[in-house]
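Q: 3D, please:
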Amino acid sequence: QVQLVESGGGLVQAGDSLRLSCAASGRTFSTYAMGWFRQAPGKEREFVATITWNGGATSYTDSVKGRFTISRDNAKNTVYLRMNTLKPEDTAVYYCAARWDLSNTLPQDVTQYRYWGQGTQVTVSS
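A: Numbers count the residues shown, from 1 in each chain. Coordinates of the predicted model:
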């Protein structure tokens, strides 16, 4: 079992940057694909980014490509989401998620992830 705790959210202005962190418990973090999702008020939870177990491959939703970067440090049991050039439409609660997966697939659907954090709020003012 994996427990996930996000941090790093906050209130920023458009154009600013933030780095979200997700710390995972357990000794098997390196066997999990990790994803970031977000949910804005009144909307469904949507995929943002994902990274394979070894960091060898990543995938992003189109709206964040070129602005967001997902990375991981398996020695620290942590996955990151660097968010640059933030826009008001990036405002949401951001969740990290884990899926046991030693393949090179890049799951992008909420149903493909078993473990979820509690979320961290990101608010971008215009």
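Q: Not including adjacent chain positions, what is the nearest residue to the most centrally placed residue in the chain?
A: The centroid of the chain falls nearest to Trp36 when counting by Cα atoms, centre = their mean (2.2 Å). What sits nearest to Trp36 in space, not counting adjacent residues and going by Cβ to Cβ, 6 or more residues apart in numbering, is Val48, at 4.3 Å. Glycine gets a C-beta too; all of them are placed from N, C-alpha and C.
Q: so that neighbour makes contact with Met34?
A: No. In this structure, Val48 is not within contact of Met34 by Cβ atoms under 8 Å, at 11.4 Å.
Q: okay, the two: which has more neighbours?
A: Met34 (30 against 25; other Cβ atoms under 10 Å).
Q: What helix or strand is that one located in?
A: Taking DSSP states H and E as the definition, Met34 sits inside strand 32-39.
Q: Likewise for Ala98?
A: Under DSSP H and E, the secondary-structure element containing Ala98 is strand 92-100.
Q: All the helices of this structure, residue numbers only.
A: Assigned by DSSP state H, the chain shows no helices.
Q: Tell me, please, where in it the pLDDT is lower than the cut-off.
A: Screening the chain residue by residue with the criterion pLDDT under 70, one finds no matching range.
Q: List the contacts of the residue nearest to Met34 when sequence neighbours are not counted.
A: Of all residues beyond its chain neighbours, the one nearest Met34 is Val79 (4.3 Å), with distances taken as Cβ to Cβ, 6+ apart. Counting by Cβ atoms under 8 Å, 6 or more residues apart in numbering, Val79 touches Ser21, Cys22, Ala24, Met34, Trp36, Ile51, Ile70, Ser71, Arg72, Asp73, Cys96.
Q: Please report how far the first one lies from Ser71.
A: The spacing between Ser21 and Ser71, counted by Cβ to Cβ, to the nearest Å, is 10 Å.
Q: circling back to that earlier point, separation between the residue nearest to Trp36 and Thr85?
A: Relative to Thr85, Val48 is positioned 15 Å away (criterion: Cβ to Cβ).
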